[in-house]
Each structure stands twice: as structure tokens, then as C-alpha cells.
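> Predicted model and sequence below, questions to follow.
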Amino acid sequence: MNERQEREDRLVAGISHASLMVPLGFLVPIIIWLTQRERSEFLRFQALQALAYQLLGLLVKFVIAGCYMVSIFLIIPLSLSAVDFSRPGTFTDEPFSGGIVPMLFSAIFIVVMALFFIGGPVYLILGIVAAARVLKGHDYRYPILGNWIATWLDLPPGQAEADGAE
């Protein structure tokens, strides 16, 4: 493989990782993998890994959004059902009012918000680090996911390294 093709492969692989910063960015690694997977093992692995990482991130975002909606739409009605509006400062004795159920959904809400505010930046940082590493010609593997994909593709450690990487 010549040096020009290696640089192009690194650039395309970097773009596939960095595309997580744009809306519908998961389409970029899909297109790259479908059209360029035969070009080199490095590009094939990096595009597939970026695709899997972004689809996993999208799935997690949907789960977090679902938990957020469930917790919001259940916390407010359950909390309001616990209040006896005819006597300010008192609560009803109905089941599901007060007690464990609103606390459970409040806990879900807190966990979801923590995942959103901590996990979101970590997700972006890992994608940016991956893009920077592959632009330099190094093999980058996302924690857990990268090794799983390498095993699935039958790549030994370091196999996807671009030629000429330091």
C-alpha cells in the first residue's frame, strides 16, 4: 500500500469516528464501511468500530430518554396524587401516593440525569480521541467494544494498525 492511500485511509477512518459530533452522524461510518471496507483492513475495522460505537450510543440515548419520560410522567402525577388539596400540608393514604413508588421514580430520574451529564461528555471524548489516534495512523479500540469487534473480525492484536504508524 502506498503512502498516499495510507493517509487517505487514516483520514476516512478519522472522519468515521468524528462523525459522532453531527446529527445522524452514524450514517457516515455506514457509508464508509459499505463503500470502502475492501480498501484496507485498518479502514474496515475502524469504520465498523465507529459504526458499532455510534449505534450503541444512539441506543443508550433512546433508553435514557425513555427512562426520563417515564420518570417525569410518573413522578409528577404520583406526587400530586399524594397531596390532599382540601387540607394544605397533608397527604392522602392512597396506595402509590407518597412512599416508595414516587421515590423509586425520583431515583430513576436522578440516575438518568447523571448518565446524561457524565456519560454524554465521556461518549464524545472517546470519539474524538479515536479520531485523533487513527488520524495519526494508530489502531484505536474503544474499551470492551473494540476488542469484541476485533475478535469478531478475527484480528490479532495490532492487526488493524496502519502501515507506517509509529
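On my side now, so go ahead. Source: prediction; values computed, not measured.

> Give the burial count for I15, as a bare number.
Neighbours of I15 under the rule other C-beta atoms under 10 Å: 19. Placement of C-beta: from N, CA and C, glycine included.

> ok, it - contacts?
28, 32, 131 (C-beta atoms under 8 Å, 6 or more residues apart in numbering).

> Can you give me the pLDDT of the closest residue to G146 other than its chain neighbours?
What sits nearest to G146 in space, not counting adjacent residues and going by C-beta to C-beta, 6 or more residues apart in numbering, is Q49, at 5.6 Å. For Q49, the model assigns a pLDDT of 94.

> wouldn't Q49 be in contact with I149 here?
Yes - between Q49 and I149 there is a contact at 5.1 Å, judged by C-beta atoms under 8 Å.

> so where's the chain uncertain?
Of all residues in the chain, those with pLDDT under 70 make up the ranges 1, 74-103, 157-166.

> quick one on the thing from earlier: what's the burial count for the residue nearest to G146?
The number of residues near Q49, taken as other C-beta under 10 Å, comes to 28.

> swap in the one 4 residues further on?
By other C-beta under 10 Å, 23 other residues sit near Y53.

> ditto for I144
8.

> Wait, a helix at F117?
Yes - F117: assigned to a helix according to DSSP: H, G, I helix; E, B strand; the rest coil.

> Please report how far it lies from I64.
11 Å (C-beta to C-beta, to the nearest Å).

> which of these two has more neighbours?
Using other C-beta under 10 Å, the more surrounded residue of F117 and I64 is I64, with 17 against 9.
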